[in-house]
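1. Structure of the sequence below:
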Amino acid sequence: MANALAGGSSESSNLGRNVRQLRERRGLSQAQLAKLAGVPRATWTHLESGEANPTLQVLIKAAAALQVRLEELLASPLGEVTLVPVAALPTRQRGPVTVRKLLPESLAGLDLERMHFPNGARLTGVPHTEGTREYLTCERGLLELTVAGQTYRLNPGDVVAFRGNQKHAYANVGNGEAIAYSVISFQPVV
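-> Down below sits the predicted model:
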């Protein structure tokens, strides 16, 4: 199997720091995590050194043992903080409704958005693939969600969970603006 990382890359040094920090946060020794991952302790030591050139299989085992996604092992070092101004977050208009991403980067299989509904605004949702789940939380105002012909009224704090592959629509039925948060969990592609 080909090596997953070229030696000396920033991903290699990120890997070493992240693996060590994740292990230390769990209060486990290198030997304990190597055993959990099913790899030799020497392999684990090399991962933490940042000089390892692991195979994809070793990376997958390490991520599973640490209970994180593979991307988290290779990302910028843990503890690094990035402030993202609201103006830098992806935003789009869908008719009168402003839809803004809540995160600056994407998460596999998950979409998180903030929806701003001016007074009287309506929005028709797009049905997603089979197995998708959607969650709508009303933060402010009064919203109605219609799913497959059934209407649900949401007050601030209310949440509706539904299958996202159905026809659905949103309406601001209160006096003033409404703010809602949408979480879409897509069915994993196998």
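2. What residues are bridge-paired with residue 182?
-> residue 113, residue 136 (DSSP bridges).
3. average pLDDT for stretch 169-178?
-> What stretch 169-178 shows for mean pLDDT is 97.
4. The closest residue to residue 127 other than its chain neighbours and residue 128, how far apart?
-> Excluding the flanking residues, the one nearest residue 127 by Cβ to Cβ, 6 or more residues apart in numbering is residue 165, at 5.2 Å. All C-beta spots, glycine's among them, are computed from the backbone N, C-alpha and C. Counting by Cβ to Cβ, to the nearest Å, the separation of residue 165 from residue 128 is 6 Å.
5. out of those two, which sits in the busier spot?
-> Legend: neighbour count by other Cβ atoms under 10 Å for residue 165 and residue 128, higher for residue 128 (19 against 16).
6. The more buried one touches residue 168, doesn't it?
-> No - between residue 128 and residue 168 there is no contact under Cβ atoms under 8 Å: 9.8 Å.
7. Mind listing the shared neighbours of these two?
-> The contact sets of residue 128 and residue 168 overlap at residue 134 (Cβ atoms under 8 Å, 6 or more residues apart in numbering).
8. what distance separates the start and the end of stretch 141-158?
-> Taking Cα to Cα, to the nearest Å, stretch 141-158 runs 11 Å from one end to the other.
9. With stretch 70-82 instead?
-> Using Cα to Cα, the gap from the first to the last residue of stretch 70-82 comes to 20 Å.
10. what's the answer for stretch 166-180, then?
-> Start-to-end, stretch 166-180 (Cα to Cα) is 19 Å.
11. can you check stretch 116-124 too?
-> Criterion Cα to Cα; first-to-last residue distance in stretch 116-124 is 14 Å.
12. do the same with stretch 59-72
-> 11 Å.
13. for stretch 90-103, same thing?
-> 9 Å.
14. likewise stretch 25-39?
-> End-to-end distance of stretch 25-39: 20 Å, with Cα to Cα as the criterion.
15. Pull the residues that contact it.
-> Residues outside stretch 25-39 that contact it (Cβ under 8 Å, 6+ apart): 23, 40-41, 43-45, 48, 58, 61-62, 64-66.
16. Identify the farthest-apart pair in those.
-> 45 and 64 (18.5 Å; Cβ to Cβ).
17. What segments of the chain are helices?
-> For the chain, the helices defined by DSSP state H cover 10-25, 30-37, 41-49, 56-66, 70-74.
18. Now do the shortest one: which elements does it pack against?
-> When you say that, I think you mean helix 70-74. With contacts defined as 3 or more Cβ pairs under 8 Å, 6 or more residues apart in numbering; DSSP states H and E, the packing partners of helix 70-74 are helix 10-25, helix 56-66.
19. what's the closest of those helices to residue 135?
-> Here helix 56-66 is closest among the helices and strands packed on helix 70-74 (Cβ to Cβ), at 26.3 Å.
20. Noted, bye for now.
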